[in-house]
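1. Turn this into a model:
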Amino acid sequence: MIRILSSISFIIAAMNLDIKQSASHRRRTKIIATLGPGTDDPAVMEGLIRAGVDVFRLNMSHGDIEEQTRRAELVRKTARKLRWQVALLVDLQGPKIRVENFIGGEVSLVDGDHFMLDTSDPDTPGDDRRVGVSYQGLADDVKPGDTLLLDDGLISMQVQSLDNGRIHCLVENGGVLKNRKGLNLQGGGLSISGLAEHDLPHIELAAKLEADYVAVSFVSSADDIDRARGLLRQVGSEASLVAKIERMEAIDNLAEICDTADVIMVARGDLGVEIGDEELPGLQKQIIRTAIRHNRIVATATQMMQSMVENPIPTRAEVLDVANAVLDGTDAVMLSAETAVGKHPVKVIEAMNRICLGAERHFEAEGDITQLNVRYERIDQAIAMAAMFMATNVSVQAIVALTESGSTAQWLSRVQSAVPIYAFSTNKASRRKMAMFRDVFPVKQTGSGEDADEVVAEVLRTLLAHGAVKKDDRIIVTMGDQMCKSGGTNTFRFIKLDAEGYARYGI
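-> The predicted structure follows:
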C-alpha cells in the first residue's frame with residue numbers, strides 16, 4: 001500500500017467537466033462549434049465555453065484572415081480565463097466548385113430551360129442563359145446524360161452536350177440561382193484536388209494561430225492528406241489532420257484515408273448532394289464504424305440543429321439526429337450556422353449538451369475489443385489496448401492516463417465503454433487535442449517527478465479530492481517508467497482505493 005501524497009501540483013480546474021457532477025453525468029461526446037458574427041461578443045464566447053464547447057472551428061470559406069485571427073485570439077483568451085481545455089480547428093475552404101456571378105445577383109431557372117455552364121469564360125457576368133464556372137476541368141469530368149446539382153441540390157440540370165469548355169444543360173428542377181452557389185456532380189467523379197491555391201495562406205494562418213486541427217475539404221484520397229500534412233509541417237505547424245468525407249471518391253478510398261488522417265469528419269452537406277439523401281444514413285454509420293476500426297477520431301457535421309439558427313429549441317427530428325450520431329459512436333458533433341450566425345448560440349450548445357447526455361445514458365458499445373483493427377507497432381499502444389481489455393472485463397470506475405503526447409488517451413478512447421478516462425499531461429498542445437476525444441477528460445499537470453509512485457499517488461489524491469473517484473473505486477493507471485516522456489507509456493497498474501484513502505495494487 002502507498003499513502004496518497006501531495007508533493008506534485010495538478011490543476012483540476014483544467015479538467016473539462018463539472019466536478020460536482022457524478023461520473024455518470026459527465027458528457028463524453030464532444031461538441032464542435034463554428035465561430036462567426038454570432039460568437040464575436042466576449043460574453044457569448046464565455047457562455048459557449050461554460051455551456052460545453054470543446055472545439056471551436058474557424059470556417060475559412062467565410063471572413064478574412066484578420067477577422068478569423070481576432071476570433072481565434074478571443075477563444076484562447078477566454079479559455080485561459082476559465083482554465084478550460086479548448087481546441088481550435090481551422091477548416092480549409094478547399095476546391096468547392098461554384099458558379100460565378102450574375103448581372104443582377106441571381107436568375108430564375110424554369111424546368112425545361114436550356115442553360116450553359118461556361119468554363120471557357122468564367123469572368124463575364126451570367127444571365128438567364130449562361131454563367132461562368134472557374135473550374136476549367138469540369139468540362140473534362142462530365143459527359144452527356146450526367147446530372148449536375150446546384151445550390152445543395154435545390155436545382156438540377158442534365159448535361160446535353162459539350163463544346164470547347166461550354167457545358168450545355170437542360171434544367172430538370174428549376175429555382176432561383178444566386179451568385180457563387182455550389183455545384184456537384186451526382187454520383188461523384190470530379191477529378192479536382194482536395195487542396196486549392198487559396199488554401200495556402202490559410203495553412204500559414206493555422207501555423208501562426210497554433211491551431212490544434214486543420215480540416216481538409218473535399219478529400220478524395222490519402223494523397224490530399226499527405227500533401228496537406230507536408231505543407232503544414234513546412235510552415236511549422238504540428239496540427240492534426242481532419243479528412244472531411246464529402247465526395248463519393250472519398251467513400252471508395254475510405255480505408256486508406258483513415259490510415260493517413262488523424263480525424264475523420266462525416267461532412268453530410270455535399271456528401272448528401274452527391275450520393276442522394278436516401279444513402280446518407282447508412283453511409284454515416286459506415287464511416288463512423290470504419291474510422292473507429294482504424295483507431296481514428298470521428299466527428300459528425302452539417303445541419304444537426306439547423307432550426308436553432310432562428311428558434312430557441314430544436315425540432316424532435318434534430319434531437320433524434322444528434323442522439324443517433326452519439327449512439328453510432330461518434331466522438332464529436334459539430335454545429336455550423338447554428339453558432340456562427342444563429343440567434344441563440346449559447347442555447348444551442350446547452351441543448352446539444354442535454355441531448356448528448358441523454359443519448360449516452362442509452363449507449364451500448366458494440367463489438368469485441370479483440371476484433372479491433374489493432375496493430376501493436378508500439379508498446380504504448382499495446383498497453384492501452386491491454387488496459388481497455390481489462391476495463392471491459394473487470395469492474396473499473398476510472399482510467400487514468402499519464403500521457404505526454406496524448407496518444408495513449410486516444411487509443412484508450414477507441415474502445416468505447418462506460419469508463420471515463422482522465423488524461424493528465426504537462427503538454428498544453430496535447431491537452432487541447434485531447435478535448436476532441438470521446439470519453440477523455442484532459443487535466444493539466446503542472447508538476448512532474450522522477451518517482452512514479454509519487455506521481456500516481458498525487459493523481460489519485462487530486463481525483464479523490466474533487467469527487468472524480470471515490471474510496472473503494474477500482475482504477476487503471478497507464479504510465480511510463482520515465483515521467484513526462486513522449487511515447488514512453490510501457491506499463492499499467494490496477495489500483496483499489498480503500499476506506500482509509502490508501503491505494504492498493506493488484507486487487
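
2. Okay, now the unreliable bits of this protein?
-> For the chain, applying pLDDT under 70 flags the ranges 1-25, 365-377, 446-450, 481-488, 499-507.

3. Surely Asp113 and Val171 touch.
-> Yes. Using C-beta atoms under 8 Å, Asp113 is in contact with Val171, at 4.3 Å. (Glycine included, C-beta is placed from N, CA and C.)

4. So if I had to pick from these two, which one is more boxed in?
-> Using other C-beta atoms under 10 Å as the criterion, Asp113 and Val171 rank with Val171 on top: 19 against 16.

5. who touches that one in this structure?
-> By C-beta atoms under 8 Å, 6 or more residues apart in numbering, Val171 lies in contact with Leu109, Val110, Asp111, Gly112, Asp113, His114, Phe115, Ile155, Ser156, Met157.

6. center of this protein - which residue?
-> For the chain, the residue nearest the mean C-alpha position is Ala299 (4.1 Å; C-alpha atoms, centre = their mean).

7. partners of it in the sheet?
-> Going by DSSP bridges, Ala299 is paired in beta bridges with Met265, Ala332.

8. Now for the contacts of Val171, which sits with the most neighbours around it?
-> Within those, most neighbours by other C-beta under 10 Å means Met157, with 27 neighbours.

9. ok but that residue is inside a strand, no?
-> Yes. According to DSSP: H, G, I helix; E, B strand; the rest coil, Met157 belongs to a strand.

10. from what I can see it touches Thr147, true?
-> Yes. Using C-beta under 8 Å, Met157 is in contact with Thr147, at 7.4 Å.

11. what residues are shared contacts of these two?
-> Joint contacts of Met157 and Thr147 (C-beta under 8 Å, 6+ apart) are Glu172.

12. Could I get the full set of strands for the stretch 51-200 of the chain?
-> Taking DSSP state E, counting those that start in this stretch, the strands of the stretch 51-200 of the chain run over residues 55-59, 87-91, 106-109, 114-118, 130-132, 147-150, 155-163, 166-173, 175-178, 183-185.

13. Same check on the stretch 201-350 of the chain?
-> Applying DSSP E, counting those that start in this stretch to the stretch 201-350 of the chain gives strands spanning 213-216, 240-245, 263-267, 297-301, 332-335.

14. before we move on, the earlier item: mind putting the strands of the stretch 51-200 of the chain in a markdown table, distance to Leu460 included?
-> As requested, those are exported to a markdown table (distance: least, C-beta to C-beta, whole Å):
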| stretch | distance to Leu460 |
| --- | --- |
| strand 55-59 | 29 |
| strand 87-91 | 27 |
| strand 106-109 | 64 |
| strand 114-118 | 65 |
| strand 130-132 | 65 |
| strand 147-150 | 57 |
| strand 155-163 | 61 |
| strand 166-173 | 63 |
| strand 175-178 | 60 |
| strand 183-185 | 54 |
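
15. Looking at those strands, which is nearest to Gly358?
-> strand 55-59 (21.0 Å; C-beta to C-beta).

16. Who are the packing partners of that closest one?
-> Using 3 or more C-beta pairs under 8 Å, 6 or more residues apart in numbering; DSSP states H and E, the elements in contact with strand 55-59 are strand 30-34, helix 65-82, strand 87-91.

17. With respect to Glu310, which of the ones you listed lies nearest?
-> Per C-beta to C-beta, nearest to Glu310 of the helices and strands packed on strand 55-59: strand 30-34, 16.3 Å.

18. How about residues contacting that closest one?
-> When contacts are defined by C-beta under 8 Å, 6+ apart, strand 30-34 is touched by residues 39, 48, 52-57, 59, 89, 299, 301, 331-340, 345, 349, 352-353, 356, 435-438.

19. hang on, the earlier thing: does the residue nearest to the centre of the chain really touch Lys244, like I thought?
-> No. The criterion here is C-beta under 8 Å, and Ala299 misses it with Lys244 at 9.3 Å.

20. what touches both of these two?
-> Residues touching both Ala299 and Lys244 (C-beta under 8 Å, 6+ apart) are Met265.

21. Is it possible to get a markdown table of the helices and strands packed on strand 55-59 that adds distance to Ile475 and mean neighbour count?
-> Shown next, in a markdown table, are the helices and strands packed on strand 55-59 (distance: least, C-beta to C-beta, whole Å; neighbours: other C-beta atoms under 10 Å):
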| stretch | distance to Ile475 | mean neighbour count |
| --- | --- | --- |
| strand 30-34 | 23 | 27 |
| helix 65-82 | 27 | 16 |
| strand 87-91 | 26 | 26 |
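
22. Of all these, which one is nearest Asn295?
-> Evaluated with C-beta to C-beta, these place strand 30-34 nearest to Asn295, the distance being 16.9 Å.

23. For the closest one, which strands pair with it and how are they oriented?
-> Strand pairing for strand 30-34, using DSSP bridges, gives strand 55-59 (parallel), strand 332-335 (parallel).

24. Turn those strands into CSV, columns for distance to Leu177 and mean neighbour count.
-> CSV is the format used below for the strands paired with strand 30-34 (distance: least, C-beta to C-beta, whole Å; neighbours: other C-beta under 10 Å):
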stretch, distance to Leu177, mean neighbour count
strand 55-59, 23, 25
strand 332-335, 27, 26
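
25. Count the neighbours of Glu458 for me.
-> Around Glu458 sit 21 other residues, with neighbours defined as other C-beta under 10 Å.

26. likewise Arg289?
-> Here the number of neighbours of Arg289 (other C-beta under 10 Å) works out to 15.

27. now swap in Glu364 and tell me
-> Neighbour tally, Glu364, other C-beta under 10 Å: 7.

28. how would you label it: helix, strand or coil?
-> Once three-state DSSP is applied, Glu364 turns out coil.

29. From Val107, how far out is it?
-> 52 Å (C-beta to C-beta, to the nearest Å).

30. do Gly358 as well
-> Taking C-beta to C-beta as the measure, Gly358 falls 45 Å from Val107.

31. Same drill for these two, tell me which one is more crowded.
-> Val107 (22 against 13).

32. Pull up the gap between Arg378 and Ala384, please.
-> For Arg378, the distance to Ala384 - C-beta to C-beta - is 9 Å.

33. measure the residue lying closest to Gly47 once chain neighbours are set aside to Asp199 for me?
-> Take Gly47 and drop its neighbours on the chain: the residue closest to it by C-beta to C-beta, 6 or more residues apart in numbering is Val346, 4.1 Å away. Counting by C-beta to C-beta, the separation of Val346 from Asp199 is 31 Å.

34. how close does Ser191 get to Arg247?
-> Counting by C-beta to C-beta - Ser191 and Arg247 are separated by 11 Å.

35. In terms of packing, which of those two has more residues around it?
-> Higher neighbour count among Ser191 and Arg247: Arg247, with 27 against 11, using other C-beta under 10 Å.

36. picking that back up, correct me, but the residue nearest to Gly47 touches Met45?
-> No. Between Val346 and Met45 there is no contact, the gap being 9.6 Å when judged by C-beta under 8 Å.
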